[in-house]
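Novice: Below are the sequence and a predicted model for it; my questions follow.
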Amino acid sequence: MGRKFIVGGNWKMNSDKDQIAEIVKNLNSGPLDPNVEVVIGVPSIYVAFVRSILTETIGVAGQNCWKVAKGAFTGEISAEMIKDVGAEWVILGHSERRTIFGEKDELIAEKVAHALEAGLKVIACIGETLEEREAGQTEDVVFRQTKALLPAIDTNWENVVLAYEPVWAIGTGKTASPQQAQDIHASLRSWLTSNTSSEVAENMRIQYGGSVTASNAKELAACPDIDGFLVGGASLKPEFLDICNAQVMC
Ligand SMILES: O=C(CO)COP(=O)(O)O
């Protein structure tokens with residue numbers, strides 16, 4: 001069986017209740033390709049609201065969580081809480097968490113381990129900065145970021161999706177070319193073969209993220225190792241449906 005295409009929307013810190021009602025109305029009315037899994041990452045405070053109005057065929061994700069279930073961590077939210085209010089997924093290790101909030105590989109691994117233990121599925125993000133790409137370090141960086149996750153994931157690979165998001169392509173309008181993205185996805189898959197198992201590598205869904213829009217989605221979706229997208233800005237717009245349906249339209 002092939003890998004099921006999976007498209008995530010990452011709303012980041014955007015939207016209010018009125019805008020959410022509008023976006024969800026659009027998603028609920030579709031049409032959505034039944035062969036594509038769709039998940040939307042919403043601000044935690046809106047998870048319950050989104051879950052209550054969104055069609056059950058679309059998953060809901062938190063965009064971050066803390067690494068333990070409960071305790072004296074003022075301002076934090078646990079994986080258990082995200083699950084309790086109806087989300088099935090959490091996005092972890094996003095480059096904005098890494099750069100703005102200083103999250104390191106080790107902390108991200110702890111979060112991934114705990115989220116999986118709590119019963120959430122995880123979209124784990126990796127990706128190089130422009131400086132790292134220009135210094136020829138792209139593979140070193142994404143392999144290092146993925147390696148840090150291995151003990152955290154252990155045998156739980158079926159509940160993990162990897163999102164390759166080159167930092168220089170996020171929110172910049174500068175998409176990786178299909179070839180650039182495909183090259184890294186293929187290298188990651190062969191790294192997974194060597195460092196996990198050929199079964200894990202073959203089944204692992206690797207999303208591409210970074211300025212994905214309805215106009216570049218089809219070409220990217222046609223690449224053999226691109227198994228979906230993680231979409232920021234365009235996930236707030238009606239074109240998100242076209243991105244979700246990109247695979248059937250190519
Ligand atoms: O960060 C992203 C998704 O997680 C990508 O954001 P953009 O699609 O806005 O570039």
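Specialist: Structure received.
Novice: Going by C-alpha atoms from here, please, whenever you check contacts or count neighbours.
Specialist: OK.
Novice: And the helices in the chain?
Specialist: Assigned by DSSP state H, the helices in the chain fall at 17-29, 47-53, 79-84, 95-99, 105-117, 130-134, 138-147, 150-153, 178-195, 198-203, 217-221, 240-244.
Novice: In a markdown table, list these along with distance to Ile40 and mean neighbour count.
Specialist: What follows is the helices of the chain, written out as a markdown table (distance: least, C-alpha to C-alpha, whole Å; neighbours: other C-alpha atoms under 10 Å):
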| stretch | distance to Ile40 | mean neighbour count |
| --- | --- | --- |
| helix 17-29 | 10 | 15 |
| helix 47-53 | 9 | 17 |
| helix 79-84 | 13 | 21 |
| helix 95-99 | 17 | 16 |
| helix 105-117 | 17 | 22 |
| helix 130-134 | 27 | 14 |
| helix 138-147 | 23 | 18 |
| helix 150-153 | 22 | 18 |
| helix 178-195 | 22 | 17 |
| helix 198-203 | 22 | 16 |
| helix 217-221 | 17 | 22 |
| helix 240-244 | 10 | 25 |
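Novice: Need these in TSV (columns: mean pLDDT and distance to the ligand).
Specialist: Shown next, in TSV, are the helices of the chain (pLDDT from 0 to 100; distance: least, C-alpha to the nearest ligand atom, whole Å):
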stretch	mean pLDDT	distance to the ligand
helix 17-29	98	16
helix 47-53	98	17
helix 79-84	98	18
helix 95-99	98	7
helix 105-117	98	15
helix 130-134	95	14
helix 138-147	98	16
helix 150-153	98	21
helix 178-195	98	14
helix 198-203	98	22
helix 217-221	97	11
helix 240-244	98	10
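Novice: how much space between Glu158 and the ligand?
Specialist: In this view, Glu158 and the ligand are 20 Å apart by C-alpha to the nearest ligand atom, to the nearest Å.
Novice: Same question for Lys12.
Specialist: From Lys12 to the ligand the distance is 8 Å (C-alpha to the nearest ligand atom).
Novice: which residues sit in contact with Gly119?
Specialist: Counting by C-alpha atoms under 8 Å, 6 or more residues apart in numbering, Gly119 makes contact with 83, 88.
Novice: can you redo the helices of the chain as CSV with distance to Ala163?
Specialist: Below are the helices of the chain laid out as CSV (distance: least, C-alpha to C-alpha, whole Å):
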stretch, distance to Ala163
helix 17-29, 22
helix 47-53, 21
helix 79-84, 19
helix 95-99, 11
helix 105-117, 14
helix 130-134, 17
helix 138-147, 10
helix 150-153, 15
helix 178-195, 10
helix 198-203, 14
helix 217-221, 14
helix 240-244, 15
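Novice: closest to Thr172 out of the ones you listed?
Specialist: helix 130-134 (11.7 Å; C-alpha to C-alpha).
Novice: Identify the residues contacting the residue lying farthest from the centre of the chain.
Specialist: Going by C-alpha atoms, centre = their mean, the residue of the chain most distant from its centre is Ala72, 28.4 Å out. Listed by C-alpha under 8 Å, 6+ apart, Ala72 has no contact partners.
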